[in-house]
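[1] sequence plus predicted model, see below.
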Amino acid sequence: MPAATRSEPQAPNLVGVGTAVPPDSYTQHEVLSTFGITEAKVRSAFLSGSIERRNLTLPPLGPDGTPTVETQGELLRKHTETGLSMGREAVQRCLADVGADVGDIRYLCCVTSTGFVTPGFSALLIKDLGIEPSCQRLDVVGMGCNAGLNGLNAVSGWAAGHPGELALMVCVEACSAAYVFDSTMRTAIVNSLFGDGAAAVAVRAAGSEAEDRGPALLRFTSHIIPEAVGAMRYDWDDDQGKFSFYLDPEVPYVVGANAETAVARLLEGTGVRAGEIAHWVVHSGGKKVIDAVRVNLGLSRHDVRHTTGVLRDHGNLSSGSFLFSYERLRAEKVAAPGDLGVLMTMGPGSTLETALVRW
């Protein structure tokens, strides 16, 4: 049995999850057709990434039947409006899963990287849902696809110090509000990959009353690759007058090469070997990223079935992707008491975030 950084009775548990996406779903072919994309290299980027559909909030069509070009201000409004709608739905589904209501929420952490809004989503959701105004809150903004585990680490720490109290994290990513459309391969790769989605997870450390508990959050670790700090970035495009996301073509290989080190750091001192991990919940970063992680960790395709399934059905959902995979794993009901699992996210920094859980 592994050593844990917290004693078992006080380790916070994942007690509920809920996800949401916008109503409109598009195949990759439909996106190409909508934007009239005929360039062979761009079409190849869209059609070779193991993505079948994505939920997107596309711009309205203009008089000529083509999508209008959105200003940065319009994109920020989309980020706020789409994000708030998805976040609300994800929180409501998560609460229903727990059997709780908004009055039970004592801590709310909101994670996003697809826009900037002040006050943040935590304040907006508290007002929108009627959450108790005394609810403590945190907004994690701009950390990227890895940020779900950064936020969950903070939520877990709060829950551990407040046994019996309900804490929620919601990842809100309106990736449609972070797109730039031009003829470059830089934007083509990004535009072919990301989808809109929100995911909420409820965390609670058991109080005095017995209750059904999900997997315990035993430990979190980070592994930052400073030499790759510019490999994934969201910065200003002077030519377009918008923020634009950049992915270095070498990202999959950089992440994959460091995956084993990240997992070794997570398991160090626990007595657990990687081969003893029964369940892997990995961020759906893209086909090449998933393959690189899988090969470097010696995982089977079955081990990452939910990661690839989420990528196929929704694309890369940024910080909330791993919770979509966790929701699918939980729905299978294959995790047995005592099973160990690893949660892994990757993103700008470049960073790999990991968490060790036990059912």
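    Looks like it arrived, so ask away. Numbers count the residues shown, from 1 in each chain.
[2] which strand or helix spans Asp139?
    In this assignment (DSSP states H and E), Asp139 forms part of strand 136-141.
[3] quick check: the closest residue to Val263 other than its chain neighbours vs Leu14, distance?
    Residue nearest to Val263 in three dimensions, not counting chain neighbours: Ala274, with 5.7 Å by CB to CB, 6 or more residues apart in numbering. All C-beta spots, glycine's among them, are computed from the backbone N, C-alpha and C. Distance, Ala274 to Leu14, using CB to CB, to the nearest Å: 21 Å.
[4] part of a strand, is Phe322?
    No - if the criterion is DSSP: H, G, I helix; E, B strand; the rest coil, then Phe322 is helix and not within a strand.
[5] any idea how far it is from Phe194?
    Separation of Phe322 from Phe194 (CB to CB): 15 Å.
[6] if we can go back for a sec, tell me the helices and strands packed up against whichever helix or strand comes after the strand holding Asp139.
    The helix or strand immediately downstream of strand 136-141 is helix 147-160, counting by DSSP H and E. With contacts taken as 3 or more CB pairs under 8 Å, 6 or more residues apart in numbering; DSSP states H and E, helix 147-160 sits against strand 105-112, strand 136-141, strand 166-173, strand 197-204, strand 216-224, helix 321-332, strand 340-347, strand 351-358.
[7] ok, which of those comes nearest Asn55?
    Nearest of the helices and strands packed on helix 147-160 to Asn55, taken as CB to CB: strand 197-204 at 6.5 Å.
[8] quick revisit: how about the strand holding Asp139 as PDB, C-alpha atoms only?
    Taking C-alpha atoms only, strand 136-141 is exported to PDB below (Å, rounded to 0.1, in the frame of the first residue of the first chain):
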ATOM      1  CA  GLN A 136     -14.900  31.700  -0.800                       C
ATOM      2  CA  ARG A 137     -13.500  31.800  -4.300                       C
ATOM      3  CA  LEU A 138     -10.500  31.700  -6.600                       C
ATOM      4  CA  ASP A 139     -10.100  32.500 -10.300                       C
ATOM      5  CA  VAL A 140      -7.200  30.700 -12.100                       C
ATOM      6  CA  VAL A 141      -6.700  32.600 -15.400                       C
END
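[9] pLDDT weak spots in the protein?
    For the chain, the stretches flagged by pLDDT under 70 are 1-9, 207-212.
[10] returning to what we had before: quick one: which of Ala274 and Leu14 has more around it?
    Neighbour count, other CB atoms under 10 Å: between Ala274 and Leu14, Leu14 has more, with 23 against 15.
[11] tell me the angle of the strand holding Asp139 relative to strand 166-173?
    Inter-element angle recorded for strand 136-141 and strand 166-173: 20 degrees (by axes from the mean of the first three to the mean of the last three CA atoms, to 10 degrees).
[12] list the contacts of strand 136-141.
    Residues outside strand 136-141 that contact it (CB atoms under 8 Å, 6 or more residues apart in numbering) are 106-113, 116, 120-123, 126, 147, 150-151, 154, 158.
[13] so who does Ala257 touch?
    Contacts of Ala257 (CB under 8 Å, 6+ apart): Ala292, Asn296.
[14] quick revisit: these two touch, right, the residue nearest to Val263 and Leu267?
    Yes - assessed by CB atoms under 8 Å, Ala274 is found in contact with Leu267 at 6.6 Å.
[15] touching, Ala206 and Ala160? I think so.
    No - using CB under 8 Å, Ala206 makes no contact with Ala160, being 10.7 Å away.
[16] and for these two, which residues touch both?
    With CB under 8 Å, 6+ apart, Ala206 and Ala160 have common neighbours Gln10.
[17] neighbours of Asp239, just the number please.
    Neighbour tally, Asp239, other CB under 10 Å: 9.
[18] with that, I have no additional questions.
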